[in-house]
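>>> with the sequence up front, the predicted model follows.
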Amino acid sequence: MMDYLWIYRKGLRALLVLLAGFVLYNLAQIARRLRSPLRFLPGPHTDQWLFGILGNSSEESKGERFARTWYEKHGRTFSIRVFGGSYRLITLDTRAVAHILLHADNYPKPETLRTLLGVSIGEGLLIAEGDVHKRQRRIMNPSFSPGQIREVTPMFFDTAYQLRDLLNTVLSKSPESMGIEIDMYGWVGRAALDIIGQAGFGYQFNALYDDNNELFRAFHDLFHAMGNAGILGFLQNRFWILRQIPTKLINIIRISKATTRKIGMGLVRDKKRAVQEELQSKSIEKSRIAGRDLLTALIRANMAEDLAPGHQMSDDEVLSQISTFIAAGHETTASGLGWTLLSLAQHPGVQDKLREELLLVLEESPSMDDLNALPYLDMVVKESMRYNSPVTGTTRVVVKDDQIPLQHPVVDRNGVLHETVHVQAGDQVRVPILEMNMSKEMWGEDAAEFHPERWTEESQAARNIPGVWAHIMTFLGGPRACIGYRFSVIESKALLFVLIRAFEFAPVPGLDIGGKSVIVYRPHIVGRESEGLQLPLIVKRVAKTV
Ligand code: HEM
């Protein structure tokens, strides 16, 4: 009995010491963060040392959707105080942004985001850092090369025509001339999922036709649960110990991961076997044995003879790329396409001009190069990706103290001019993608308008934007730029090619479409948010379809 009491007391004391250490460590961290050199930069003021700007009751404090207001008030480089005592640098300065993106090892993603994505989709390219990221990216780059995207372009058209036929079926049930209200976000979302399944890893979701596919349900439930995680989900993401409690969210993540593992490992095994057969085959047609999808290309690169054994991806790493393709490539593209259709509905002149160009094409399914040769389609997609960027910004954490160079020097709160911004380890840095895409300094006075014609003569200032595609920030830049940008651009072009030739889109009178960013900017009806994500448009058949 004595022994038990003694062990109990000792255990309790050790636990209290650990707890006190944990609290002291965190307080020291907060105290250090509060002394960040970023506190001298201009920016919205707050006295809330723990909650930061979120603790302010004013309108201005309600998150970073006020970034534009702040930017207009405080200039292109400023700081805010965020949760946990950290300061966050927000900068639209192109030189500063290029520096941050190019020095990816000193500016990794925040631990909280990596945990959130890591527990749900695994350690794929989206969350890997440092040498692991470099190794994975080197193996995966060829899977997203122009040659590989050319191979999968016919699959984009297969799905696009299935979508066209389904919409035609819906329309055939209504009087021809009037058109009907259809939630286009739902439809392009299903099409984008089918495309990522087929072209990404040779898997048939069949999402356009039915909701009951096992993998479809697993991801649907997962993303739905994460989107509605609430305060407990927030805390579980921050504290490992809380993730051990089997809440509804944790159970959904567990079930979804088990389903993905079962189906994904089957795909990886089959494709590895097919690639092996391909390598042994002497046939000229050997590249057709294993399939054309990105996962097969990745497995091929991973099994290449010139790759040192230690540099190969494990089966688990390959598996996590499947979830990564879905997480990174599905909603982003669906949201981009949804917003593009809304912009075209709101600009009937642009829509007509685009249709005129597309109807002149004789092939039903042009190649990637033929799609890229359509000038107005290219302008519309560039303009929409600029104006409707599905990812509105991204955050990084400073690992080592640094001086970030500036194109435009900043005057601090004490009136001192700085040509660099001093950041300390633990500070956060925000790259405001949408704000840079919409900046008047870079794009001219009409920056906030949807105007594809701007791409005939792109602004000189915008050329300094360090984005990987078309001098816009939508796909970011540097070593962590979106690896799937070519895939997404051609997929969007193929879907628009088919949809705009077949249908006319118009806004629904009296409906105000708003958006909310949960990593991806997603649409809803203003005042009817509880109905969920949707983007209804009036859809009508084009009088004469080619
Ligand atoms: C319109 C569609 C898309 C948009 C706007 C978009 C945007 C982005 C952005 C902004 C990032 C950087 C995120 C960050 O570091 O914070 C990113 C990364 C990434 N994207 Fe995309 N993306 C799109 C489509 C796709 C597609 C179709 C795929 C795959 C098939 C894909 C795969 C990835 C991956 C794997 C990464 C991580 C790259 C790395 O860290 O090395 N994306 N994307």
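Cool, got the structure. Residues are numbered from 1 along each chain as shown.
>>> from the stretch 351-500 of the chain, which residue is nearest to the ligand?
Nearest to the ligand in the stretch 351-500 of the chain, going by C-beta to the nearest ligand atom, is G484, at a distance of 2.3 Å. Bear in mind the C-beta positions are built from the backbone N, C-alpha and C, glycine included.
>>> burial of that residue, as a residue count?
Residues within reach of G484, counting by other C-beta atoms under 10 Å, total 24.
>>> what residues does it make contact with?
144, 325, 328-329 (C-beta atoms under 8 Å, 6 or more residues apart in numbering).
>>> from D211, how far out is it?
25 Å (C-beta to C-beta, to the nearest Å).
>>> what about the contacts of G484, which are in helices?
Judged by DSSP state H, the contacts of G484 include 325, 328-329 as members of helices.
>>> top of these by neighbour count?
Within the ones in helices among the contacts of G484, most neighbours by other C-beta under 10 Å means F325, with 27 neighbours.
>>> so how far is the ligand from the nearest residue to that one once chain neighbours are set aside?
Nearest residue to F325, sequence neighbours excluded (C-beta to C-beta, 6 or more residues apart in numbering): G200, at 4.3 Å. Separation of G200 from the ligand (C-beta to the nearest ligand atom, to the nearest Å): 6 Å.
>>> G200: how many residues sit nearby?
Using other C-beta under 10 Å, G200 has 25 other residues around it.
>>> go on, E453?
Neighbours around E453, by other C-beta under 10 Å: 12.
>>> contacts only, for it.
M379.
>>> wait, a helix at it?
Yes - secondary structure of E453 (DSSP: H, G, I helix; E, B strand; the rest coil): part of a helix.
>>> show me what from the stretch 151-300 of the chain comes close to the ligand.
Contacts of the stretch 151-300 of the chain with the ligand, taken as C-beta under 6 Å from any ligand atom, map to G200.
>>> now do 8 Å
Residues of the stretch 151-300 of the chain lying close to the ligand (C-beta under 8 Å from any ligand atom) are 196, 200, 294.
>>> tell me where the stretch 201-350 of the chain has helices.
Along the stretch 201-350 of the chain, counting by DSSP state H, counting those that start in this stretch, helices occupy 201, 214-227, 230-238, 240-243, 248-280, 294-302, 315-329, 331-346, 348-359.
>>> counting contacts, what elements does the fifth one pack onto?
In terms of contacts (3 or more C-beta pairs under 8 Å, 6 or more residues apart in numbering; DSSP states H and E), helix 248-280 is packed against helix 111-121, helix 214-227, helix 230-238, helix 294-302, helix 315-329.
>>> let's see it at 6 Å
helix 214-227, helix 294-302, helix 315-329 (3 or more C-beta pairs under 6 Å, 6 or more residues apart in numbering; DSSP states H and E).
>>> and that helix with helix 294-302, angle?
Interaxial angle of helix 248-280 relative to helix 294-302 (axes from the mean of the first three to the mean of the last three C-alpha atoms, to 10 degrees): 60 degrees.
>>> what about F22, how many neighbours?
Applying other C-beta under 10 Å, I find that F22 has 10 neighbouring residues.
>>> that one: what secondary structure?
Secondary structure assignment for F22 (three-state DSSP): helix.
>>> now swap in P366 and tell me
When classified by three-state DSSP, P366 comes out as coil.
>>> ok, and the closest non-adjacent residue to it?
Once flanking residues are discounted, P366 sits nearest to F497: 7.1 Å by C-beta to C-beta, 6+ apart.
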